[in-house]
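S.K.: sequence plus the predicted model coming up.
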Amino acid sequence: RARLGLPRAEDGKVPMAVGVDLRGESYGLLIDQIGEVLRLPEDGKEENPVNLDPRMAKLAGGVHRLDGQLMVVLDVDRVLELETKVQMAA
């Protein structure tokens, strides 16, 4: 939520963590919930639409269109790159 510029969750639920390995390092990303786990073909991914919320667009690596819905693909490199910039600025 913080990385996406969203307010803290007010529902009182404890966030879940998803483990990510990137360039030999392990990270944990806190999330609200997990829906479905999908394996989608790379050739079905499209560029970010121009009207995508700017908060999402800076962290999105494209989108997939699924049954009338738009699934935004999180670019983990971009998420972790922001963290590195914040740490370097401190």
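M.R.: Arrived safely, thanks for sending. Residues are numbered from 1 along each chain as shown.
S.K.: what residues are bridge-paired with the most centrally placed residue in the chain?
M.R.: The residue lying closest to the centre of the chain (C-alpha atoms, centre = their mean) is L74, at 3.3 Å. In this entry, L74 is beta-bridged to A60, by DSSP bridges.
S.K.: what's the pLDDT at it?
M.R.: pLDDT for L74: 89.
S.K.: pull the contacting residues for it.
M.R.: 59-61 (C-beta atoms under 8 Å, 6 or more residues apart in numbering). All C-beta atoms are positioned from the backbone trio N, CA, C, and that covers glycine.
S.K.: for D67, state which of those residues is nearest.
M.R.: Closest approach to D67 among those (C-beta to C-beta): A60, at 19.4 Å.
S.K.: I figured that closest one hits L52, correct?
M.R.: Yes: A60 lies in contact with L52 (C-beta atoms under 8 Å); the separation is 6.5 Å.
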